[in-house]
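S.K.: Give me coordinates for this.
(2 chains)
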Amino acid sequence: MSGAAVTLLPSGRQFVVADGETVLDAALRAGIALPYQCRSGECGNCRSQCVAGQLEHRPGSTPTALTADDITGGARLLCCATASGTVTLECREVDGIAGIPLRRATARVTAIERAADDIAVLSLELPDGQALEYRAGQYLEVILRDRSRRSYSMATAAVTGGTRRLELHVRHRPGGTFTDHVFGKLKVREMLRIEGPFGTFCLDDRSDKPILLLATGTGFAPVQAILEEAWQQNLQRPITLYWGGRTPADLYRDADCRRWAAERPGLRYVPVLSGDAPDNWDGRRGRVQQAVLDDHPDLTGHEVYACGSSAMIDAARSTLCSERGLPTSAFFADAFIASA
Amino acid sequence: MTTWHDVGAEADFEDGCPAAVEAGGKPVAIFRVEHELFALHDLCTHGAARLSDGFVEDGCVECPLHQGLFDLRTGAVRSAPLTEAVRSYPVRITDTGRVEVGVT
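M.R.: Modelled structure (predicted):
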């Protein structure tokens, strides 16, 4: 056999999936902007509903964002799924992503700021004439010498026509090839090889619902970009940012967030510490998703964008949807995979 | 006849950090690989890109625009889509630790 013919609802778009290829890769190759982020089954963004035909998670894949009941009910993660024969599936498509070219480039390190003991903020610059187009919330991959890749979200919004200045937030994971290099020998003017943009962790432009942004650790990076993009576009939707960490140092841009919240009437900022907080701590204590639960008896009319550890994302998705009525279609996530 | 042009101190050029300099009015990219320095004309022969913006690996520089490879030592083409070698210049280090590029 040679591939599968897939029809996408509700748009009616069609594309071909080659043998062994995931449905997501085939769709992206065909220029169809399906929602996805982690490409490894953890984030759940590429969830779809099989309407007809054979759509199966491939052996060895780990669609952990779905429950056994979800799968029995026909739900599939397209980053893990292969197709055969003729398949019809339901999946939303993302506005504003289709048509942004995927590019490989080299980027020069222009600054390395140590925002905390284990957090580096890298400023990168692309060569003349090689601006990168992307939407806030998307990420790039750094391609290492052994061809392995590391994913980092752009931490600032792009300007129209693309931007040559990129900012990445890197947490040190001792023992990891790339982050040991970043926290050891990486110097200003060094070149990095990158490819991007990837992912669809972007604000839904068609919605006017209030926005809750949840971040843990360097999950703050895409959230900062989303805030910048919202301000560029003069977005009128109210935004509340919940940023969680263990210690105050984990909230490495806490002062900026407090200033933005003071200056911008549409923005509320809620810092949350789960570890030892200092006696004079004026933020919240506990888990970031618990702070959201405490503040919102009803989330049926909200959208939630969560970026950080998969533990936080799994806990936020299950509690906010089951206990506060948040529609699963209004929960968007960017899960960290712990590669170093 | 080769004229030697001073382009900086040896310590200015580091592994992984190609540098754009000028020698005798020509744009030159300087690359360090461990203890050796190499100089290539700082313009790809294929697209409008500077090789000093390229990624250095396995003795080659990868053009940032289309990922074609040039040999650092000779300027020879090592991969598609390149077809034409890039000019390579001799490099020497003086007794006082200055780097000079030879242009004829």
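
S.K.: Beyond the lengthiest helix in chain A, next helix or strand please.
M.R.: For chain A, the helix that runs over the most residues, judged by DSSP state H, is helix A:310-324. Using DSSP states H and E, the helix or strand that follows helix A:310-324 in sequence is strand A:331-335.

S.K.: contacts for that following strand?
M.R.: A:35, A:37-38, A:42-45, A:137, A:139, A:153, A:199, A:201, A:204, A:219, A:222, A:303-310, A:313, A:316-317, A:320-321 (C-beta atoms under 8 Å, 6 or more residues apart in numbering or on different chains). In short, each C-beta sits where N, CA and C put it, glycine included.

S.K.: Out of those, which end up buried?
M.R.: Listed as buried from the contacts of strand A:331-335 are A:35, A:37-38, A:42-45, A:137, A:139, A:153, A:199, A:201, A:204, A:219, A:222, A:303-310, A:313, A:316-317, A:320-321; burial here means 16 or more other C-beta atoms under 10 Å in any protein chain shown.

S.K.: Okay, and which of those residues map to helices?
M.R.: Checked against DSSP H, the buried ones among the contacts of strand A:331-335 include these in helices: A:P222, A:S310, A:I313, A:A316, A:R317, A:L320, A:C321.

S.K.: got the angle for the longest helix of chain A vs strand A:331-335?
M.R.: On the basis of axes from the mean of the first three to the mean of the last three C-alpha atoms, to 10 degrees, helix A:310-324 is oriented at 170 degrees to strand A:331-335.

S.K.: Who are the contact partners of the closest residue to A:C307 other than its chain neighbours?
M.R.: Leaving aside its sequence neighbours, A:C307 sits nearest to A:G219 (C-beta to C-beta, 6 or more residues apart in numbering or on different chains; 3.6 Å). The contact partners of A:G219, by C-beta under 8 Å, 6+ apart, come to A:A306, A:C307, A:G308, A:S309, A:M312, A:D334, A:F336.

S.K.: which of these lies closest to chain B?
M.R.: A:F336 (26.1 Å; C-beta to the nearest C-beta).

S.K.: Spatially nearest residue to that closest one (excluding sequence neighbours)?
M.R.: Using C-beta to C-beta, 6+ apart, the nearest residue to A:F336 is A:S309, at 5.7 Å.

S.K.: next one: B:A80
M.R.: Nearest to B:A80 is B:G68, by C-beta to C-beta, 6+ apart, at 6.5 Å.

S.K.: From A:P265, how far off is the one you found?
M.R.: 52 Å (C-beta to C-beta, to the nearest Å).

S.K.: Please say which of the two ends up with more neighbours.
M.R.: B:G68 (23 against 8; other C-beta atoms under 10 Å in any protein chain shown).

S.K.: other SSEs contacting the worst-scoring helix or strand of chain B on mean pLDDT?
M.R.: When the helices and strands of chain B are scored by mean pLDDT, DSSP states H and E, strand B:55-57 comes last with a mean of 88. Using 3 or more C-beta pairs under 8 Å, 6 or more residues apart in numbering or on different chains; DSSP states H and E, the elements in contact with strand B:55-57 are strand A:191-198, strand B:60-62.

S.K.: Now do the strands in the stretch 1-150 of chain A.
M.R.: A:4-9, A:14-17, A:47-57, A:75-77, A:81-90, A:103-116, A:119-125, A:139-143, A:149-153 (DSSP state E, counting those that start in this stretch).

S.K.: before we move on, the earlier item: pairing partners for the least confident helix or strand of chain B, with directions?
M.R.: Taking DSSP bridges as the criterion, strand B:55-57 sits next to strand B:60-62 (antiparallel) in its sheet.

S.K.: what's the average pLDDT for whatever helix or strand comes next after the partner strand?
M.R.: Where DSSP H and E defines the elements, the next helix or strand beyond strand B:60-62 is strand B:69-71. Averaged over strand B:69-71, pLDDT sits at 95.

S.K.: Buried residues of strand B:69-71, list them for me.
M.R.: Residues of strand B:69-71 classed as buried: B:L69, B:F70, B:D71 (neighbour count, 16+ other C-beta under 10 Å).

S.K.: for stretch B:75-94, same thing?
M.R.: Going by 16+ other C-beta under 10 Å, stretch B:75-94 has these buried residues: B:G75, B:V77, B:R78, B:L82, B:A85, B:V86, B:S88, B:Y89, B:V91.

S.K.: Next: stretch A:43-61.
M.R.: Here stretch A:43-61 shows A:C43, A:G44, A:N45, A:C46, A:R47, A:S48, A:C50, A:G53, A:L55, A:H57, A:S61 as buried, counting by 16+ other C-beta under 10 Å.
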